[in-house]
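Asker: whatever this is, show me its structure:
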Amino acid sequence: MTAQPAAERRRDAERTKAEILEVAQREFARRGYTGARVDEIAELMRTTKRMIYYYYGSKEQLYIAVLEKAYTEVRSVERMVDVAHLAPVEAIRTLAELTFDHHDAHREFIKLVAIENIHHAEHIRKSVVLANLGTPALDLIERILDAGLASGDFVTEADAIDVHMMISSFCVFRVANQHTFGALFGRDMTAPEHRARLRRMVGEMVVAYLRGAGSPA
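Answerer: Below is the predicted model of the structure:
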């Protein structure tokens, strides 16, 4: 019997770790950090708790790894905005619309954000990976804002964190509050017939703000 090559063992290990994270993300999003159980995650994977602990050490470290994966995927979306070749207005609109698309397609991420806020971000604070993950996002927005002010497309001297919050709050609220909003107002904000309008709205809302809408005369 021949030994498995080292490269193949590494590929198998990475595949196993990715599968664990995928299942764990669903369980944490569905049950929360407290409610999710490692033995149930193992059962869903048809593996053992020992295997999961071998790769991730503990339930908390597994949860942190899930958060790292989810937030890293969001940052990868922002890297799709080609600031160098887009005019400032188109760049910030594209960023808003891509954020909308990602949150719409990754609704478990919204649940994870809500769960981590319940825990006052105690797990995020323990992650070295997440410690500076927000910096590239703010750098991107700052480059767009600076370019817009220099070109005259933007007149509002906006703070990058404020703009990031404006985009995120719209995209997150639509998904996170869909059930309460639907019960109170009779509208499913995530229904397909509203998607294009709301996607366009978030981009135009940010552009209007940066062009001076609502500023004192």
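
Asker: what are the buried residues along the least confident helix or strand in the chain by mean pLDDT?
Answerer: In the chain, no helix or strand scores lower on mean pLDDT, DSSP states H and E than helix 6-35, which sits at a mean of 88. Within helix 6-35, the residues scored as buried using 16 or more other Cβ atoms under 10 Å are 16, 20-21, 23-29, 32-33. Glycine gets a C-beta too; all of them are placed from N, C-alpha and C.

Asker: report the contact partners of the spatially most central residue of the chain.
Answerer: Residue closest to the average C-alpha location in the chain (Cα atoms, centre = their mean): residue 74, at 4.0 Å. Neighbour list for residue 74: 99, 102, 109 [criterion: Cβ atoms under 8 Å, 6 or more residues apart in numbering].

Asker: so of those, which ones are in helices?
Answerer: Using DSSP state H, the subset of these located in helices is 99, 102, 109.

Asker: tally of neighbours for residue 202?
Answerer: Residue 202 is flanked by 23 other residues according to other Cβ atoms under 10 Å.

Asker: only the buried residues of the one helix or strand it maps to, if you could.
Answerer: Using DSSP states H and E, residue 202 maps to helix 192-210. By neighbour count on 16+ other Cβ under 10 Å, the buried set for helix 192-210 is 199, 202-203, 205-207, 209-210.

Asker: now do stretch 57-65
Answerer: In stretch 57-65, counting by 16+ other Cβ under 10 Å, buried: 59, 61-65.

Asker: repeat that for stretch 80-94.
Answerer: Result for stretch 80-94 [16+ other Cβ under 10 Å]: buried residues 81, 83, 86, 88-94.

Asker: cool, stretch 171-179 as well?
Answerer: 171-172, 174-176, 178.

Asker: before we move on, back to that, of the contacts of residue 74 - the most surrounded one?
Answerer: residue 99 (24 neighbours).
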